[in-house]
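Peer 1: Following is a predicted model, sequence given first.
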Amino acid sequence: MINLLPPDIKKDYEYARKNIVLRKYLIISLVGLVGLIIITTYGLISYQHSYQNDQTKINIITAKLEHENIASTNQKIQKFTTTFRLVTKVLSQEILFSKLITAIGAAMPSGTALTGLSVNNTSTGINLTAKATNYNSATQIQVNLSDPHRNLFKNVDIISIDNTSQAQYAYTISLRALFNNTNQFLMINQGKKS
């Protein structure tokens, strides 16, 4: 087909076709730009909403933890643990003197009498004083108290034996007795088999 139109009209048709193509590209670009704006706006709004929800949850959890006062609870637990250890330590060194004196009395040989008992500062042993009718009875006290079958003391040492008078109990003996590790007279060891 031969185009016999004047050149000016031909140019106008040509430009009209180009304008239609450009208009299509412009509309597609505007639709894409509006789509990007909508997607970006939705993303920002949902991000802001999610951020506010997370902040609310964080505030609730923080308030709950502050209300529960975990630090104070930990301090109370630590204080209780320290007190429990102290009580255990005190009870492990507490001596049941009623049972101890009975056992010492049973270990005393005939012709002797227990006259004194004192606890020193270390509380790992006691000091004993006794009276005896003769020297042999006085030394027998040390032998009986340190007898491993009686399980009274780990070690008993004679500090002194003095002949003090002419009375029936003429000899005075001073002893130092150390408790053994499985001392049956400590409160904490009560109920344990020796």
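Peer 2: Happy to help now that I have it.
Peer 1: Tell me the secondary structure at residue 71.
Peer 2: Recorded secondary structure, residue 71: helix (DSSP: H, G, I helix; E, B strand; the rest coil).
Peer 1: Let me know how buried it is, in neighbour terms.
Peer 2: By the criterion of other CB atoms under 10 Å, residue 71 has 10 neighbours. To be clear about C-beta, it is placed using only N, CA and C from the backbone, and glycine gets the same treatment.
Peer 1: I'd like the numbering to begin with 329 instead of 1 from here.
Peer 2: I'll keep to 329 as the first residue from here, and by that count the last item is residue 399.
Peer 1: That one and residue 410: what is the separation?
Peer 2: 17 Å (CB to CB, to the nearest Å).
Peer 1: buried sites along the host helix or strand of residue 469?
Peer 2: Assigned by DSSP states H and E, residue 469 belongs to helix 463-473. Across helix 463-473, burial judged by 16 or more other CB atoms under 10 Å covers 465, 466, 467, 468, 469, 470, 472, 473.
Peer 1: which among those gets closest to residue 428?
Peer 2: Set against residue 428, the nearest of the buried residues of helix 463-473 by CB to CB is residue 473 (11.1 Å).
Peer 1: Distance check, that closest one against residue 396.
Peer 2: Residue 473 is 58 Å from residue 396, by CB to CB.
Peer 1: now residue 372
Peer 2: For residue 372, the distance to residue 396 - CB to CB - is 36 Å.
Peer 1: Just give me the neighbour total for residue 503.
Peer 2: Count around residue 503 with other CB under 10 Å applied: 23.
Peer 1: Distance from the chain centre to the strand or helix carrying it, please.
Peer 2: Here residue 503 sits within strand 499-506, counting by DSSP H and E. Computed by CA atoms, centre = their mean, to the nearest Å, the chain-centroid distance of strand 499-506 equals 44 Å.
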